[in-house]
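K.L.:
would you be able to build a 3D model of this:
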Amino acid sequence: MPTQDDRRYILEARSAARDVWVLIEHDGKPPPVPWLLPDGSDVFQLIDNGHTEALGFVPRFVQTNRGTRLGDLIWTTGDTKIASRRFVDVLASIDATGYRTFPVEVVDRTGATLGAFVGLAIEDGDTDKDLHVSNGAQFWNFAATRRVVDALIQAGATELSITPA
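P.N.:
Residues are numbered from 1 along each chain as shown. As a prediction, this is how the structure comes out:
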């Protein structure tokens with residue numbers, strides 16, 4: 001039986017009606033489905049996995065008409081996770097393992113920068129890491145250790161859904 005110290009939690013952005021949602025946009029419009037590079041690579045998977053260096057552009061996410069409450073994780077459609085700079089600074093401050101960040105542009109409906117955000121990709125399902133996928137692949141939620149959750153709470157991270165795994 002797990003002890004209190006090795007319990008896992010599921011983290012995700014809140015998605016109530018008042019929470020901000022963002023959608024990916026490319027060249028001023030929703031991207032095609034499927035969205036493939038000339039070599040056949042799936043652009044959505046590259047973004048979800050944080051391998052955006054192959055794209056030749058920074059993924060742009062635009063606020064929908066839904067919500068005004070902005071938290072440390074922003075709800076997106078699909079499996080891309082967007083985190084505040086504070087969120088990833090907390091992870092870095094405790095030397096958390098199991099994630100990578102990548103540049104994203106997050107803007108409001110007028111095109112103004114919405115805040116300091118980065119893309120957050122969970123590396124894999126290795127439960128020995130502080131963060132890991134909990135559904136076998138990138139997904140809109142992910143697992144975290146108690147020390148990550150405690151550090152986020154202590155830092156005042158907001159608008160997160162944190163539930164015991």
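
K.L.:
hey, what's Phe117 bridged with?
P.N.:
Ser84 (DSSP bridges).

K.L.:
that one contacts Val106, correct?
P.N.:
Yes. Phe117 lies in contact with Val106 (C-beta atoms under 8 Å); the separation is 4.5 Å. The way it works is simple: take the backbone N, C-alpha and C, and place the C-beta from them, glycine included.

K.L.:
give me the common contacts of those two.
P.N.:
Common neighbours of Phe117 and Val106, using C-beta atoms under 8 Å, 6 or more residues apart in numbering, are Ile74, Ile82.

K.L.:
just the buried residues of stretch 143-159, please?
P.N.:
Buried residues in stretch 143-159, counted by 16 or more other C-beta atoms under 10 Å: Ala143, Ala144, Thr145, Arg146, Val148, Val149, Ala151, Leu152, Ala157, Glu159.

K.L.:
any weak-confidence spans in this protein?
P.N.:
1-5 (pLDDT under 70).

K.L.:
between the two ends of stretch 101-120, how far is it?
P.N.:
End-to-end distance of stretch 101-120 (C-alpha to C-alpha, to the nearest Å): 5 Å.

K.L.:
an error on my part: the question was meant for stretch 72-89.
P.N.:
Start and end residues of stretch 72-89 are separated by 11 Å (C-alpha to C-alpha).
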